[in-house]
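**Student:** starting from these lines, generate the structure:
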Amino acid sequence: MFDYETLKLIWWGLIGFLFIGFAITDGMDMGVGGLLPFVAKKDVESRVVINTVGAHWDGNQVWLITAGAALFAAWPLVYATAFSGFYFAMMLTLFSLFLRPLAFDYRSKIESENWRSNWDKALFVGSMVPPLVFGVAFGNLLQGVPFSFDELMRVTYTGSFFALFTPFTLLTGIVSVAMVLMHGSTWLVMRTDAKVAQRSANIGRVVAVVLSLAFVLAGVMVWQSIDGYVVTSSIDKMGQAQPTLKQVTTTAGAWLHNYQNTPVLWLVPLTGIIMPLIVALFLSNKSNRMTVKVTAFIASSVTIVSVILTAGIAMFPFVMPSSSQPNHSLLMWDTVSSETTLTLMFTVVAVFVPIILGYTIWCYKKMWRTVTIEEIEQNNHSAY
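**Tutor:** Numbering: from 1, shown residues only. Alright, predicted model coming up:
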């Protein structure tokens, strides 16, 4: 079907696609959960907000599970090293995600103000901690992760949980949180009416500008103060997984080399800067036309794609650089599964991904509507 080198490239793209799909779909749900305490002033308004994602949140979260499974199957060394190095961060994310299904399902079971308020707080935590952790993790990948392999390919991680948090990684965390809040606000503007939609637009404008500024600042830091990684030896693109045989060095500005070598790629980060401002512009539009609202949501989705691709292009072909032993850094060329495994997985993906995408689009189309207070009151015992 494809040779080994091409399969490695395909799976780099597929794993990126899965993480982008997760960021767009479940990022929208998380953004809604993060906005809940600020856009809903009454219990019925909270239920309006929650029900805008009530039909889809669990299906959207499957994108994360699928991306994790693909990472395990296609890049087993990356999966093992990441879960060893970021263990406590991963556990923090996992336990935060536990709160989301509980909050969705239990919140409205009891008509108690304290009960519902506590579950709203749980939903807020479960929605905001994961994007913060993911953003911090991306920042650490750009800085390099302190790991190395021994002669038996056993990984040793020499960092700590608190060492993950630096000024740069906290900035990338802000980028991630602002991104999902902006995305959630554009969703609520489309799916709610009256006061909730207006509050969502007001917050969305602010976080969109914050996102654009933070993204620019992160880019400046990558250019000025973050050393990038460069492979200085030849790479066997058809070889099996053996990440310790190459030569890697670090140098200032190295993460910009791919952009300098192919200038057209600068359009990707430029889009990530401009699109949030376009979102802010459309959220400032007082028109109630759905085309305006949909345009803001599309611009928000394009922003997410651009931000993630900006990091992916900058690091290519690195997947997980090592700050302890740069020669042990994991590349997309030398950290993959066998050719047979990648071929089999690609066949499965080629069949089922179009089916899943088609079904997902159909579900959103069938369940599309503006959620109103009147609808929640009429369906008091069946709605979230």
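**Student:** how far away is residue 51 from residue 98?
**Tutor:** 21 Å (Cβ to Cβ, to the nearest Å). For glycine as for every other residue, the C-beta is placed from the backbone atoms N, C-alpha and C.
**Student:** of those two, which one has the most company?
**Tutor:** residue 51 (21 against 12; other Cβ atoms under 10 Å).
**Student:** ok, the more buried one to residue 374 distance?
**Tutor:** Using Cβ to Cβ, we find residue 51 at a distance of 12 Å from residue 374.
**Student:** tell me, how many residues neighbour residue 238?
**Tutor:** Based on other Cβ under 10 Å, the number of other residues close to residue 238 is 12.
**Student:** one more: residue 379?
**Tutor:** 12.
**Student:** equivalent analysis for residue 258, please.
**Tutor:** The burial count for residue 258: 16, using other Cβ under 10 Å.
**Student:** ditto for residue 290
**Tutor:** Residue 290, neighbours per other Cβ under 10 Å, totals 10.
**Student:** verify the stated contact: it with residue 193.
**Tutor:** No: counting by Cβ atoms under 8 Å, residue 290 does not reach residue 193; the two are 11.4 Å apart.
**Student:** give me the mean pLDDT for stretch 12-29.
**Tutor:** For stretch 12-29, mean pLDDT rounds to 93.
**Student:** just the strands in the stretch 201-350 of the chain please.
**Tutor:** Listed in chain order, the strands of the stretch 201-350 of the chain (DSSP state E, counting those that start in this stretch) span 227-231, 248-252, 318-320, 330-331.
**Student:** of the ones you listed, which approaches residue 361 most closely?
**Tutor:** strand 318-320 (30.2 Å; Cβ to Cβ).
**Student:** which one of the strands of the stretch 201-350 of the chain lies nearest to residue 146?
**Tutor:** Closest among the strands of the stretch 201-350 of the chain, using Cβ to Cβ: strand 318-320, at 11.2 Å.
**Student:** so where is the stretch 101-250 of the chain shaky, pLDDT-wise?
**Tutor:** For the stretch 101-250 of the chain, no stretch has pLDDT under 70.
**Student:** could I get the full set of helices for it?
**Tutor:** In the stretch 101-250 of the chain, helices defined by DSSP state H, counting those that start in this stretch lie at 113-143, 167-191, 194-224, listed in chain order.
**Student:** determine which stretch of those is the most buried.
**Tutor:** helix 167-191 (a mean of 25; mean count of other Cβ atoms under 10 Å).
**Student:** for that helix, packing partners?
**Tutor:** Counting contacts by 3 or more Cβ pairs under 8 Å, 6 or more residues apart in numbering; DSSP states H and E, helix 167-191 packs against helix 4-39, helix 113-143, helix 194-224, helix 267-283, helix 290-315.
**Student:** gap between the residue lying closest to residue 221 once chain neighbours are set aside and residue 93?
**Tutor:** Distances taken as Cβ to Cβ, 6 or more residues apart in numbering put residue 168 closest to residue 221, at 5.4 Å, once the chain neighbours are dropped. Distance, residue 168 to residue 93, using Cβ to Cβ: 20 Å.
**Student:** any idea how far stretch 189-209 is from the middle of the chain?
**Tutor:** Put simply, stretch 189-209 sits 21 Å off its chain's centre (Cα atoms, centre = their mean, to the nearest Å).
**Student:** neighbouring contacts of stretch 256-269?
**Tutor:** Stretch 256-269 is contacted from outside by 215, 219, 222, 223, 228, 230, 306, 309, 310, 313, 314, 316, using Cβ atoms under 8 Å, 6 or more residues apart in numbering.
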